[in-house]
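A.B. asks: Sequence and predicted structure below; questions after.
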Amino acid sequence: MKTATITELKKELGSLPPAELVELCLRLAKFKKDSKELLTYLLFEAHSLDGYITSVKEYISLEFDGLTTSHLYHAKKTLRKILRFTTKHIRFTGSKQAEIELLLFFCEKMRRSGLQIDYSVQLSNLYTQQLRKIEKAIEAQHEDLQFDYRKQLDALSFM
């Protein structure tokens, strides 16, 4: 994912009305380290949530393609890195739908990665924790969406 330059951000900020600019800045104040990435999302990608979710999924797929399954230590480390990235971008969107879709995608990729989740307590706990987060986010959705997401969640559940 490409982060915009300061010049591009400055140009885009110059074209915004003051009220919207204040709102963006207040939201930006909540994030310190990731403020540039958050501002890039808010200015350039927030209008297309589906496109943004797709780009995050592509990055997650690339990271899972590079996952080493021979050494469990390195696999766990990479999974935590991917999960941190996913969580950060879920926070950027502030959308329960994005949270559900990205976490479902993460769990699906984790199940298909070839890692034996059942034999590692840490991997099992990590996976179960994500399933719980998905379940909690699904409860906040409309009934029709709940049904669709629960079907996907049930396919991922192993316990």
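C.D. replies: Right, received. Where do you want to start?
A.B. asks: where does this structure dip in pLDDT?
C.D. replies: 28-29, 31, 33, 158-159 (pLDDT under 70).
A.B. asks: Residues contacting the longest helix along it, please?
C.D. replies: The residue-count maximum for a helix in the chain (DSSP state H) belongs to helix 72-93. With contacts defined as C-beta atoms under 8 Å, 6 or more residues apart in numbering, helix 72-93 is touched by 31, 34, 37-38, 41-42, 46, 49, 52-53, 56, 59-60, 63-64, 66-69, 98-99, 102-103, 106, 110, 113, 115, 120, 122-123, 126, 130. Backbone N, C-alpha and C define where each C-beta goes, glycine included.
A.B. asks: then that helix to CSV, C-alphas only?
C.D. replies: C-alpha atoms of helix 72-93 as CSV (Å, rounded to 0.1, in the frame of the first residue of the first chain):
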residue,chain,number,x,y,z
LEU,A,72,6.7,-22.4,14.1
TYR,A,73,8.5,-19.4,15.8
HIS,A,74,8.9,-17.5,12.5
ALA,A,75,5.3,-18.4,11.5
LYS,A,76,3.9,-17.0,14.7
LYS,A,77,6.0,-13.9,14.4
THR,A,78,4.7,-13.3,10.8
LEU,A,79,1.1,-14.0,11.8
ARG,A,80,1.3,-11.4,14.6
LYS,A,81,2.8,-9.0,12.1
ILE,A,82,-0.1,-9.6,9.6
LEU,A,83,-2.6,-9.3,12.4
ARG,A,84,-1.2,-6.0,13.6
PHE,A,85,-1.4,-4.7,10.0
THR,A,86,-5.0,-5.9,9.7
THR,A,87,-6.1,-4.4,13.0
LYS,A,88,-4.5,-1.1,12.2
HIS,A,89,-6.4,-0.9,8.9
ILE,A,90,-9.6,-2.0,10.7
ARG,A,91,-9.2,1.0,13.1
PHE,A,92,-8.6,3.3,10.1
THR,A,93,-12.0,2.4,8.6
